[in-house]
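Student: coordinates only, sequence not included:
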């Protein structure tokens, strides 16, 4: 008996899946538990397994094409089994749709034809000797000779004006004396000496991830009233602490982002209103601190979540961040590894970006945008000395966090980074 394999629901927000690759081809035999395809969802690339054994009789979707939830992907069965009824049923939807479109096109064509006939009839009945005369006049004026009064011609000749460049204001566009008197020569456009090779434009198919990013960030930007606050942090002590830690530990290398994650985690425990979500009738203050770290990949942005960051040391945060970032770049993150964040950090410092604002990652109340560490002159004890400074900008949902509360959180983060040992208390 033939077995239909349909598109499963691989994430809680999934509406359709794109066939990233088939691991089988028609005629292959599969066993229960075999991975037959990889499907790109709105969050990650997931594996689809067969729950029954059989021969692959028909693959209905090509790689790169989307399938809605419950849509037929592939049919298994016994070799040589007749599955024409299944294929007919699967194709009936598109067939009906095609018939409907053809009917609509025929109706539209008929309507247009009727309109054209009516228009043609109207124009025939409205034609008069006067209009014929006007048509005759127009054609006689298009014989290449420019209409102008004798005086206008003489004035144009005396002034060296090309009559073909003058707009006539007289009857039927005739050039008259006033047109010559008011004529101002416009500077001719300089011919372009550069020639550029014509390059072909291209359309890029939107991935499931990019569709989800567009939808979620648009919802966040237009439903959450954002406001932004920036603070400049002295990173000299954090740089020294990082060097000391990395020199003492060769197995795990701490990054500046790991230190920022830890500082924010400690600050979130002291400012629970930042570690919150808007739930219409209530504001939910989360008891646990789960920090999402934005990771850039070719298709867009993924946000793996480091859980219980306030309870973890720098070495563990560093190790988990590297592992999750690697999975994100290989599109191997599981949905549960990207869910449940209470705060997000986006760091573009490694790209040389000094300062930027980020869109809140719902349902978080805030997101911290981290810039590059800059070499700048600073004044210490009345003297100008070299300094290491880093700007961070907090984007906040004004429904949850007010300006003063956001400023208090930022100052706590600043104090923790400028005094790294205080994070251990």
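Tutor: Now that the structure is in, tell me what you want to look at. Please read all numbers here as calculations on a predicted model, not as lab measurements.

Student: What strand or helix carries residue 218?
Tutor: Assignment of secondary structure by DSSP states H and E places residue 218 within helix 208-223.

Student: what's the average pLDDT for the next helix or strand after that helix?
Tutor: Using DSSP H and E, the helix or strand that follows helix 208-223 in sequence is strand 226-234. What strand 226-234 shows for mean pLDDT is 97.

Student: And stretch 242-261, by the same measure?
Tutor: Here stretch 242-261 scores 91 as its mean pLDDT.

Student: neighbouring contacts of that stretch?
Tutor: 235, 238-239, 241, 291, 293, 306, 309, 314-315, 317-319, 321, 345, 347, 349, 368, 370, 373, 390, 392, 413, 417, 420 (Cβ atoms under 8 Å, 6 or more residues apart in numbering). From N, CA and C alone the C-beta is placed, and that goes for glycine too.

Student: List buried residues within the residues you listed.
Tutor: 235, 238-239, 241, 291, 293, 306, 309, 314, 317-319, 321, 345, 347, 349, 368, 370, 373, 390, 392, 413, 417, 420 (16 or more other Cβ atoms under 10 Å).

Student: Looking at those residues, which are in strands?
Tutor: Taking DSSP state E, the ones among those that sit in strands are 291, 293, 306, 345, 347, 368, 370, 373, 390, 392.

Student: give the contact list for the first one.
Tutor: Looking back up the chat, that one is residue 291. Residue 291 is in contact with 261, 264-265, 268, 305-306, 309, 341-345, counting by Cβ under 8 Å, 6+ apart.

Student: how close does the closest residue to it other than its chain neighbours get to residue 21?
Tutor: Nearest non-adjacent residue to residue 291, counting by Cβ to Cβ, 6 or more residues apart in numbering: residue 309, 4.6 Å away. According to Cβ to Cβ, to the nearest Å, residue 309 and residue 21 sit 35 Å apart.

Student: Need the distance between the two termini of stretch 341-361.
Tutor: The straight-line separation of the ends of stretch 341-361 (Cα to Cα, to the nearest Å) is 9 Å.

Student: What are the buried residues along it?
Tutor: Buried residues in stretch 341-361 (16+ other Cβ under 10 Å): 341-349, 355-356, 358-361.

Student: pLDDT weak spots in the stretch 101-250 of the chain?
Tutor: Flagging of the stretch 101-250 of the chain using pLDDT under 70 yields the residue ranges 101-144, 185-194.

Student: same thing but at 50, please
Tutor: Applying pLDDT under 50 to the stretch 101-250 of the chain flags residues 101-143.

Student: domains of the protein?
Tutor: The record's domain parsing of the chain by automatic domain parsing lists 3-81, 208-424.

Student: could I get those as a markdown table with distance to residue 166?
Tutor: Below are the domains of the chain laid out as a markdown table (distance: least, Cβ to Cβ, whole Å):
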| stretch | distance to residue 166 |
| --- | --- |
| domain 3-81 | 60 |
| domain 208-424 | 53 |
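
Student: out of these, which comes closest to residue 148?
Tutor: Among these, the nearest to residue 148 by Cβ to Cβ is domain 208-424 (60.0 Å).

Student: how far does that closest one stretch from start to finish?
Tutor: Note: domain 208-424 ends 42 Å apart using Cα to Cα.

Student: Could you tell me how far that domain lies from the centre of the chain?
Tutor: 21 Å (Cα atoms, centre = their mean, to the nearest Å).

Student: Check stretch 416-425 too.
Tutor: Offset of stretch 416-425 from its chain centre (Cα atoms, centre = their mean): 37 Å.

Student: which residues touch the residue nearest the centre of the chain?
Tutor: Nearest residue to the geometric centre of the chain (Cα atoms, centre = their mean): residue 214, 4.6 Å. When contacts are counted by Cβ under 8 Å, 6+ apart, residue 214 touches residue 206.

Student: That one and residue 359, how far apart?
Tutor: 11 Å.

Student: Ok, residue 408 next?
Tutor: Distance, residue 408 to residue 359, by Cβ to Cβ: 23 Å.

Student: One more: residue 266?
Tutor: Taken as Cβ to Cβ, the span from residue 266 to residue 359 is 25 Å.

Student: from what I can see residue 39 touches residue 49, true?
Tutor: No. Using Cβ atoms under 8 Å, residue 39 is not in contact with residue 49; the gap is 11.0 Å.

Student: In terms of neighbours, single out the busier of these two.
Tutor: Between residue 39 and residue 49, residue 39 has the larger neighbour count (other Cβ atoms under 10 Å), namely 23 against 15.

Student: Skip the chain neighbours and tell me the closest residue to the more buried one.
Tutor: residue 17 (4.1 Å).

Student: which SS class is that neighbour?
Tutor: Under the three-state scheme (DSSP: H, G, I helix; E, B strand; the rest coil), residue 17 adopts strand.

Student: burial of it, as a residue count?
Tutor: 29.

Student: what are the bridge partners for it, then?
Tutor: residue 67 (DSSP bridges).

Student: Touching, it and residue 7? I think so.
Tutor: Yes. Counting by Cβ under 8 Å, residue 17 does reach residue 7; the two are 5.2 Å apart.

Student: Outside of stretch 19-35 itself, list whatever touches it.
Tutor: For stretch 19-35, contacts defined as Cβ under 8 Å, 6+ apart pick out 36-40, 45, 47-59, 61-65, 67, 73-74, 76, 79.

Student: Show me which positions of that stretch end up buried.
Tutor: Buried, per 16+ other Cβ under 10 Å, within stretch 19-35: 19-20, 22, 24, 30.

Student: In those residues, find the pair that's most separated.
Tutor: Using Cβ to Cβ, the buried residues of stretch 19-35 span at most 18.0 Å, a distance reached by 20 and 30.

Student: Give me the distance between the residue nearest to the centre of the chain and residue 36.
Tutor: Look at residue 214 and residue 36: by Cβ to Cβ, they are 30 Å apart.

Student: Could you work out the end-to-end span of stretch 299-317 for me?
Tutor: One end of stretch 299-317 to the other measures 25 Å (Cα to Cα).

Student: repeat for stretch 391-411
Tutor: End-to-end span of stretch 391-411 (Cα to Cα): 12 Å.
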